[in-house]
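Enquirer: compute the structure for the input listed below.
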Amino acid sequence: MAKVLIIDDSPTEMQLLTNIMEKNGYEVITAENGESGVSVAKKTRPDVILMDVVMPGMNGFQATRQLSKDAKTAHIPVVIITTKDQETDRIWGMRQGAKDFLTKPVQENKLLTTVRGLLDF
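Expert: Residues are numbered from 1 along each chain as shown. Sure thing, here's the model as predicted:
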């Protein structure tokens, strides 16, 4: 079973993403902000990370950059899932090391197709 780390400060989004991933056979771990997300990723080594951008403290772009530069976590694909839907946001997210960029509200089949593609299922 693939392990997914969801990093999002919104309890509603966290629950929505958790429900989608669990009902499709994924093990879910969560973190409520960028700092704890980076720490949890280093400890648990998930197979993929779903990352919000707008969070207090370390934002999703900063957390993605930190994860992609650390040898312990650089191999873990990060999918940014955010309300920020400008092309410049997508380009910036990819430059920070994200493997894909989805906008909220995320469609379940788009999310699953993206995750499966990154995990080579």
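
Enquirer: with adjacent residues omitted, what lies nearest to the residue sitting nearest the centre point of the chain?
Expert: For the chain, the residue sitting closest to the mean C-alpha position, by Cα atoms, centre = their mean, is L50 at 1.6 Å. Spatially, and ignoring its direct neighbours in sequence, L50 is nearest to I6 (4.8 Å; Cβ to Cβ, 6 or more residues apart in numbering). All C-beta spots, glycine's among them, are computed from the backbone N, C-alpha and C.

Enquirer: look at the one you found and tell me its secondary structure.
Expert: For I6, the assignment made with DSSP: H, G, I helix; E, B strand; the rest coil gives strand.

Enquirer: residues contacting it?
Expert: M14, L17, T18, M21, V28, I29, T30, A31, I49, L50 (Cβ atoms under 8 Å, 6 or more residues apart in numbering).

Enquirer: give the bridge partners for it, please.
Expert: The partner list for I6 in beta bridges (DSSP bridges) reads T30, L50.

Enquirer: and the contacts of I6, which is closest to A2?
Expert: Set against A2, the nearest of the contacts of I6 by Cβ to Cβ is M21 (9.0 Å).

Enquirer: distance of the nearest residue to D85 once chain neighbours are set aside relative to L111?
Expert: Taking Cβ to Cβ, 6+ apart as the measure, D85 lies nearest to T103, with 4.5 Å between them; neighbours along the chain are not counted. When distances are taken as Cβ to Cβ, to the nearest Å, T103 and L111 turn out to be 11 Å apart.

Enquirer: and the helices in this structure?
Expert: In chain order, the chain shows helices spanning 11-23, 34-44, 60-69, 87-95, 108-119, with DSSP state H as the criterion.
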